[in-house]
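Participant: with the input below, show me the fold.
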Amino acid sequence: MQNFMTSAQAIHQYTQLEIEDELVKPQDSKMIEEAKKASSGSTESGHKIWPVHGQIEFSNVSMRYRPTLEPSVSKLSFEVQPGMKVGIVGRTGSGKSSILQILFRLTEIFEGQVKIDGVNIS
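Facilitator: Below is the predicted model of the structure:
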């Protein structure tokens, strides 16, 4: 009986989970419009492509996983020029994977901005 109740407890816990953030956010349409303006290249089908050059700029970026936690990335600023190969190294817990989560927009930043080819992706 106890083994069967484990499944029921799991189902109950799944109903108590917080709702995830929207996949497509209202500000995404603004970013898409900026990317279209910034893009000068096009594909064979005539669609604009972005990013054209691949320049990445982090300006005073800070991020935390939850509002109650300390920032995992604090006031980070750097620039990657087009064509550069970059490696991120550091000790465990230094924020290497957090930088990638910011870049891929998996987490929200609470300070600063990230630009790809001059388009603010936040």
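Participant: give me the next element, helix or strand, following the helix or strand hosting residue 59.
Facilitator: Assigned by DSSP states H and E, residue 59 falls within strand 56-63. Counting by DSSP H and E, the element after strand 56-63 in chain order, helix or strand, is strand 73-80.
Participant: going on from that following strand, what's the next piece of helix or strand?
Facilitator: That would be, after strand 73-80 and using DSSP H and E, helix 96-103.
Participant: helices and strands around the strand holding residue 59, which ones?
Facilitator: Counting contacts by 3 or more CB pairs under 8 Å, 6 or more residues apart in numbering; DSSP states H and E, strand 56-63 is packed against strand 73-80, helix 96-103, strand 109-116. Any C-beta I mention is one placed from the backbone N, CA and C, and that applies to glycine too.
Participant: run the chain-centre distance for that strand.
Facilitator: 11 Å (CA atoms, centre = their mean, to the nearest Å).
Participant: run the angle between it and strand 73-80 for me.
Facilitator: If you take axes from the mean of the first three to the mean of the last three CA atoms, to 10 degrees, strand 56-63 sits at 180 degrees to strand 73-80.
Participant: list the buried residues in strand 56-63.
Facilitator: 56-58, 61, 63 (16 or more other CB atoms under 10 Å).
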